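Colleague: Structure for the following, please:
(chains A, B, C and D)
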Number of protein chains: 2
Amino acid sequence: MDTLQLIAEPRRREILGLVWDDEMAASDIASRFDVTFGAVSQHLSVLREANLVTVKKDGNRRLYRANQDALAPYEEILKTMWSDTLQHLAETIENTESNR
Amino acid sequence: MDTLQLIAEPRRREILGLVWDDEMAASDIASRFDVTFGAVSQHLSVLREANLVTVKKDGNRRLYRANQDALAPYEEILKTMWSDTLQHLAETIENTESNR
DNA sequence: TTCCTATTTCAGTGACCACTATATCACAAT
DNA sequence: ATTGTGATATAGTGGTCACTGAAATAGGAA
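Modeller: Model prediction:
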């Protein structure tokens, strides 16, 4: 799989969004999603092997961070998608509010 | 499927490359690939429904062309990938030549 | 009409891949 | 040591999707 296909996967896109600016432990990343820890760990290993994230050991934990250099060509698209997602969420909430 | 996932698919990426600058009939597009006409036609219908290509009737034939407006955010990435593919081909040929 | 070509559509198949559950590994703390 | 916690690895499953083969549609030419 090439980089574009890897980051096109919605879950991986979201993970990259979480670790774009700040490093995060695998467990903290996993807690944001509605799937098992293992599923997230697999995504992380895919991203790791593609060199799209970097890992730092911290005792027991692994701290992940986006490899912004490797992702530079895709940065604009990713950011657009992340803000679109936020906007979607915002609209959903707005609609929920107004339907009460 | 969102746009990014749609264009991440290698075959669709190649198809978009063919019809980026020039319009092409479905049969001419299909003849460039090693799959059945039907397979290519399905990809075209996916791209059509996502509004990533435009179609023009010409008698019997359908002339396809990339919708550059809709694809603008992805143009840079696509072009990079197309030239990478060409470069790969060039290198392959080069190696083949020198190994004779 | 009938025939031919261009294209779409659709049922069926196989492969891939995201996920679950479980086993295993590694570090930390008691 | 042993218990707990964070994480990776692996076998198995289900769903999705690109593809094939074949039928259906549509236009052009005889």
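Colleague: my guess is A:Ser41 contacts A:Ser27, does it?
Modeller: No. Between A:Ser41 and A:Ser27 there is no contact under Cβ atoms under 8 Å: 9.5 Å. Just so you know, the C-beta spots here come from the backbone N, C-alpha and C atoms, and that holds for glycine as well.
Colleague: contacting residues around the residue lying closest to A:Ser41 once chain neighbours are set aside?
Modeller: Nearest non-adjacent residue to A:Ser41, counting by Cβ to Cβ, 6 or more residues apart in numbering or on different chains: A:Ala26, 6.1 Å away. With contact taken as Cβ atoms under 8 Å, 6 or more residues apart in numbering or on different chains, A:Ala26 is in contact with A:Phe37, A:Val40, A:Ser41, A:Leu44, A:Arg61, A:Arg62, A:Tyr64.
Colleague: Quick check: which ranges of chain A have low pLDDT?
Modeller: Residues of chain A meeting the criterion pLDDT under 70: A:88-89, A:91-100.
Colleague: Spatially central residue in it, please.
Modeller: The centroid of chain A falls nearest to A:Ile15 when counting by Cα atoms, centre = their mean (1.3 Å).
Colleague: Neighbours of the residue lying closest to A:Ala8 once chain neighbours are set aside, how many?
Modeller: In space, and not counting its chain neighbours, A:Ala8 is closest to B:Ala8: 3.8 Å by Cβ to Cβ, 6+ apart. Using other Cβ atoms under 10 Å in any protein chain shown, B:Ala8 is surrounded by 23 other residues.
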